[in-house]
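Chemist: following is a predicted model, sequence given first.
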Amino acid sequence: MRRILLALLLVPLLAHAEPRETDWLELMPREDQLALEAMPEISHETPESAGTFGQQGGLKQQKSDLPAVMYSSKTVAHLNGKTVRLGGYPVPLESDAEGRSTLFFLVPYPGACIHVPPPPPNQIVLVRYPQGILLEDIYAPLWVEGPLQVETVSNDLADAAYALKASSVRVVEEADL
């Protein structure tokens, strides 16, 4: 009887616990993970790295000779609707009147909007955060929490295979590491 009472008392506490951290590779089906592991080294030498910006920038894939996994929009169905905690870097898209980012892409590594190749669509998450967050440094990593949706999003900047309506967004702090 004590165990039942203790379990009933813990249920509200567990309901408010932070979601488990989701690794970016969990957003890829296993066959994409294996293809990524088998992929040859990719050069990051681009006009952007040389200081010239003759090509269109952004997160969209520019080269057509990359392995198919670098264009993959394949998703993991059981993640649809699951509340996740995902760490990543913002690529701002929209902000409110106070300058807080309310819509941004979250990507697994910093500077993804200027590096080639950018992440594949199943490694880009569109984050909707109506409260907004002031992004003082886009190279500062963020924790984003909320329900993840399998949703294809395409604009001039990127193609994403997931979207998330964030319940919480905050900068990663030293104590988190």
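Modeler: Looks like it came in fine.
Chemist: which stretch of helix or strand covers the most centrally placed residue in the chain?
Modeler: Among the residues of the chain, the one closest to the centroid is Leu106, at 3.5 Å (C-alpha atoms, centre = their mean). Using DSSP states H and E, Leu106 falls within strand 101-107.
Chemist: rewinding a little: tell me the contacts of the residue nearest to the centre of the chain?
Modeler: Applying C-beta atoms under 8 Å, 6 or more residues apart in numbering, one finds that Leu106 lies in contact with 86, 88-91, 124-127, 142, 144, 164. All C-beta spots, glycine's among them, are computed from the backbone N, C-alpha and C.
Chemist: separation between it and Val84?
Modeler: The gap separating Leu106 from Val84 is 11 Å, by C-beta to C-beta, to the nearest Å.
Chemist: overlap in contacts of these two?
Modeler: With C-beta under 8 Å, 6+ apart as the test, Leu106 and Val84 both reach Leu164.
Chemist: tell me the phi and psi of the residue nearest to Leu25 when sequence neighbours are not counted?
Modeler: Excluding the flanking residues, the one nearest Leu25 by C-beta to C-beta, 6 or more residues apart in numbering is Gln33, at 5.6 Å. Phi and psi for Gln33, reported as degrees, to the nearest 10, are phi -60, psi -40.
Chemist: equivalent analysis for Leu25, please.
Modeler: Dihedral angles for Leu25 - degrees, to the nearest 10 - are phi -70, psi -20.
Chemist: from Pro119, how far off is it?
Modeler: Remark: distance between Leu25 and Pro119 (C-beta to C-beta) = 11 Å.
Chemist: between those two, who's got more neighbours?
Modeler: Under the criterion of other C-beta atoms under 10 Å, the comparison of Leu25 against Pro119 puts Pro119 first, with 23 against 13.
Chemist: and the helices in this structure, which stretches?
Modeler: Counting by DSSP state H, the segments of the chain that form helices are 2-15, 30-38.
Chemist: okay, now the unreliable bits of this structure?
Modeler: Residue ranges of the chain with pLDDT under 70: 1-16, 42-59, 61-64, 113-116.
Chemist: hey, where'd the strands end up in it?
Modeler: 21-22, 83-95, 101-107, 125-133, 142-154, 159-165, 168-171 (DSSP state E).
Chemist: closest to Ala38 out of the ones you listed?
Modeler: Checking the strands of the chain against Ala38 by C-beta to C-beta gives strand 159-165 as the closest, at 20.8 Å.
Chemist: if anything else comes up later, I'll come back, but that's it for now.
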